[in-house]
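In: the amino acid sequence is not available; the structure is as follows:
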């Protein structure tokens, strides 16, 4: 039997006096898509950052495949993508340069940057520095970067924030295309998203999984 | 590790060419320091080779700290550090790329500032150029390696602007002593500079190994 793509086991994360995530246990099968729902401060972002390996659990474990996420080998990191609240891009570079850097770091020798930018509606802004981009354009570029290396595990934290109607349609298309093809964990405030995708929902409140 | 490090260093140099946030401040600071100390020393009649050597190294170190305060500024601005941490690269490459960029900034600053220092302090004569350049390059490597390591250590702290100098300046004391000794020695016999230059090379090797070994754990949560 395949190892779960993601597994949290009694995973807690504390920031100072605040317990952001309390003994969360969750298993995500390979190819499964889950939407995390919950109010602000529920622990959705913390959970995603733990799975991405950007945070170390205070207690319990967060694993991707069979490895602890925070010490995952490069081969596992190569198949992971995370887009968070911040765009994770260099503001002084152009859209093309940002994707070019991503391609170099991921050794994507055959990445078609023009096609990637065209896919998110930014082809005509490819050579503009992104410090002039709107929130929605940054979100589109972050999405293009997240899927550029065809990750097997896609973690998205409120990916629709800042997107216009066309951007939301584009995002839905990306998520639909990923159904069954990759594992997707999406934190969202959009309560209709699970129904549109036809996927499982997990609720978080006060750092606890419901 | 080299390829991603070069890619990261290149990005940081491109950003600096476009924004001119670090180099301009460093140049202004070192030039002002050299000029002010020159007039302060000459007014008191307390010039001389050792004083000139000491003030050059003090200016270099404090200017370097000014640049080091911005080491991971571009990565912190919009979470770009997360993207680097998630990339399938050796995390030491992030530190090494940032150190390479710092080294580049220091060399550019010194190419402009050292001739100014020379003109102000040595109208006639001066130290031998080769040992002086050798000492500066070896010290720059050490400052970039150690300073970037300290910047990584201070990254998560709210008081990092205070923490970084507190961390890095004590570590740079041996380097400054060797630099001053080498510079002062460059006025005399060739054998006077070999020992401090050797020490600087050893310092660089030790801290390169230390930083390479610890950067995996320093960067990230």
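Out: Ah, there it is. Here the structure is a predicted model, which is why all the values come from computation and not from measurement.

In: contacts only, for residue A:138.
Out: Counting by Cβ atoms under 8 Å, 6 or more residues apart in numbering or on different chains, residue A:138 touches A:87, A:89, A:130, A:162, B:78. Where you see a C-beta, it was placed from the backbone N, CA and C, and this is true even at glycine.

In: roughly how far does the residue in chain B that chain A sits nearest to sit from residue A:90?
Out: Chain B approaches chain A most closely through residue B:79 (3.3 Å), counting by Cβ to the nearest Cβ. Distance, residue B:79 to residue A:90, by Cβ to Cβ, to the nearest Å: 10 Å.

In: these two: who's more crowded?
Out: Per other Cβ atoms under 10 Å in any protein chain shown, whichever of residue B:79 and residue A:90 has more neighbours is residue A:90, with 23 against 18.

In: which SS class is the more buried one?
Out: Under DSSP: H, G, I helix; E, B strand; the rest coil, residue A:90 falls in the coil class.

In: next one, pLDDT for residue B:152 please.
Out: At residue B:152, the model reports a pLDDT of 87.

In: could you pull out the helices in the chain for me?
Out: Here I'm looking at chain A. Ranges of helices within chain A are A:44-52, A:74-77, A:95-105, A:113-119, A:135-148, A:165-178, A:193-197, based on DSSP state H.

In: can you look at chain B instead?
Out: B:2-19, B:23-44, B:49-68, B:73-77, B:80-86, B:92-121, B:129-154, B:160-185, B:191-218.

In: on that earlier part again, among the helices of chain A, which comes closest to residue B:130?
Out: Residue B:130 sits nearest to helix A:95-105 of all the helices of chain A, at 37.0 Å, using Cβ to Cβ.

In: so which elements touch that closest one?
Out: helix A:113-119, helix A:135-148, helix B:2-19, helix B:80-86 (3 or more Cβ pairs under 8 Å, 6 or more residues apart in numbering or on different chains; DSSP states H and E).

In: circling back to that earlier point, as a markdown table, the helices of chain B with mean neighbour count would be great.
Out: As requested, the helices of chain B are exported to a markdown table (neighbours: other Cβ atoms under 10 Å in any protein chain shown):
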| stretch | mean neighbour count |
| --- | --- |
| helix B:2-19 | 18 |
| helix B:23-44 | 16 |
| helix B:49-68 | 21 |
| helix B:73-77 | 18 |
| helix B:80-86 | 23 |
| helix B:92-121 | 21 |
| helix B:129-154 | 23 |
| helix B:160-185 | 19 |
| helix B:191-218 | 16 |
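
In: any chance of the contacts of residue A:138 in CSV, plus pLDDT?
Out: Converted to CSV, the contacts of residue A:138 look like this (pLDDT from 0 to 100):
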residue, pLDDT
A:87, 89
A:89, 94
A:130, 94
A:162, 85
B:78, 84
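
In: and those residues, which is closest to residue A:63?
Out: Distance to residue A:63, by Cβ to Cβ, is smallest for residue A:87 among these, at 27.2 Å.

In: confidence score at the residue of chain B closest to chain A?
Out: Per-residue pLDDT puts residue B:79 at 87.

In: quick check: phi and psi on the closest residue to it other than its chain neighbours?
Out: Closest residue in space to residue B:79, ignoring its immediate chain neighbours: residue A:86 at 3.3 Å, by Cβ to Cβ, 6 or more residues apart in numbering or on different chains. In terms of degrees, to the nearest 10, the main-chain angles of residue A:86 are phi -90, psi 150.

In: any idea how far residue A:146 is from residue A:86?
Out: Counting by Cβ to Cβ, the separation of residue A:86 from residue A:146 is 13 Å.

In: equivalent analysis for residue B:176, please.
Out: For residue B:176, the distance to residue A:146 equals 46 Å [Cβ to Cβ].

In: so how many other residues sit close to the nearest residue to residue B:49 once chain neighbours are set aside?
Out: Among residues not flanking residue B:49 along the chain, residue B:187 sits closest, at 5.1 Å (Cβ to Cβ, 6+ apart). Per other Cβ under 10 Å, the neighbour tally for residue B:187 reads 19.

In: ok so, going back, can you tell me which of the helices of chain A is most buried?
Out: Counting by mean count of other Cβ atoms under 10 Å in any protein chain shown, helix A:44-52 has the highest mean neighbour count of these, with a mean of 25.
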